[in-house]
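>>> structure for this input, please:
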Amino acid sequence: MASHDLRFLQIQVSKEQGQVLPGAEIMNTLTSLEYLASVSALGEVPEYILALRYENQESFARFKQIDSIEITNVIEEKEGFSLVRAKSSGPIPMLIHNIDSVWLQTPSVVSNNNGLFLTVHGTTKGLKEFRDGIAELLPPSIKIRISKDLKADWIAAPQLPTRRKEVIELAVKLGYYSTPRKCTQRALAENLGVRQGTVAEHLQSAESTIIQSWADQAQ
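Below is the predicted model:
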């Protein structure tokens, strides 16, 4: 199969939107669950290597009681973190498992702060089948896209308050983060009709949130 026949599909679901999903119990129990690799696509249930982060052993114990997850081996464990092999029979993993021409890809993360970010790789036909199947599980407001290139919008970019998101998106659009810088905070303030200090506050807070989210997930 030629490489250009393959596509990526990515889905981002906020924590609030994700409360209607079967996997909501995971994001309400762990700090994060990150997919690292597939162990086997054979058999009735897929098996993965997962990185689990949690606040305490009680949270980890509650996670192990989730019916759709079966930990088959703890590879490494330390305070607040476990690297495990686990079988997952949840609706989304099983949907992927039952379509031969799609497979789970990194980055795929379930986060207590940011909800679900899912990346699926496969053929155009397979991804369309997966998209139709998962659309029945997701709220209609969730956007699903199929593209040739994997977009660099990992869940490490967290949900921001609406106004803060507007400010940072405008800053990116006008080149505030370009090198050399193409606009100033004063220009952004004039464009938005607010004080420069307000723009500075929004940018600083958004940058702090994004960097902290990335750092937390990169540990």
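>>> show me where pLDDT drops low in this protein?
Regions of the chain meeting the criterion pLDDT under 70 cover residues 1-5, 22, 40-41, 143, 145, 147-159, 211-219.
>>> how is it carved up into domains?
The record's domain parsing of the chain by automatic domain parsing lists 3-147, 162-218.
>>> and the strands in this structure?
6-13, 32-40, 47-53, 69-78, 81-88, 102-111, 115-123, 144-147 (DSSP state E).
>>> as CSV, those strands with distance to residue 200 and mean neighbour count would be great.
The way it works is simple: take the backbone N, C-alpha and C, and place the C-beta from them, glycine included. Below are those laid out as CSV (distance: least, CB to CB, whole Å; neighbours: other CB atoms under 10 Å):
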stretch, distance to residue 200, mean neighbour count
strand 6-13, 28, 20
strand 32-40, 31, 17
strand 47-53, 32, 21
strand 69-78, 39, 13
strand 81-88, 36, 19
strand 102-111, 28, 20
strand 115-123, 29, 21
strand 144-147, 33, 14
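>>> could you dump those strands to TSV with distance to residue 202?
Formatted as TSV, the strands of the chain follow (distance: least, CB to CB, whole Å):
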stretch	distance to residue 202
strand 6-13	22
strand 32-40	26
strand 47-53	29
strand 69-78	37
strand 81-88	33
strand 102-111	23
strand 115-123	22
strand 144-147	28
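>>> contacting residues around the residue nearest to residue 175 when sequence neighbours are not counted?
Once flanking residues are discounted, residue 175 sits nearest to residue 182: 2.8 Å by CB to CB, 6 or more residues apart in numbering. Counting by CB atoms under 8 Å, 6 or more residues apart in numbering, residue 182 makes contact with 174, 175, 176.
>>> pull out the buried members of the residues you listed.
174, 176 (16 or more other CB atoms under 10 Å).
>>> just put the contacts of residue 182 in TSV and tack on distance to residue 27.
Listed next are the contacts of residue 182 as TSV, based on distance: CB to CB, whole Å:
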residue	distance to residue 27
174	35
175	36
176	33
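>>> closest to residue 71 among the contacts of residue 182?
residue 176 (45.5 Å; CB to CB).
>>> so which of the strands of the chain is nearest residue 187?
strand 6-13 (30.2 Å).
>>> quick one: that closest one to strand 115-123, angle?
Here strand 6-13 points in a direction 170 degrees away from that of strand 115-123 (axes from the mean of the first three to the mean of the last three CA atoms, to 10 degrees).
>>> could you shift the numbering so residue one becomes 8, and keep it that way?
Okay, residue one is now 8; in that scheme the one you just asked about reads as strand 13-20.
>>> other SSEs contacting strand 13-20?
strand 122-130, helix 131-142, strand 151-154 (3 or more CB pairs under 8 Å, 6 or more residues apart in numbering; DSSP states H and E).
>>> just put these in TSV and tack on distance to residue 33.
Listed next are the helices and strands packed on strand 13-20 as TSV, based on distance: least, CB to CB, whole Å:
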stretch	distance to residue 33
strand 122-130	9
helix 131-142	16
strand 151-154	20
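>>> which of these sits closest to residue 198?
Nearest of the helices and strands packed on strand 13-20 (CB to CB): strand 151-154, 28.6 Å.
>>> so who does the residue most central in space within the chain touch?
Residue closest to the average C-alpha location in the chain (CA atoms, centre = their mean): residue 124, at 2.1 Å. For residue 124, the contacting residues are 17, 18, 19, 20, 114, 115, 116, 118, 161, 162, by CB under 8 Å, 6+ apart.
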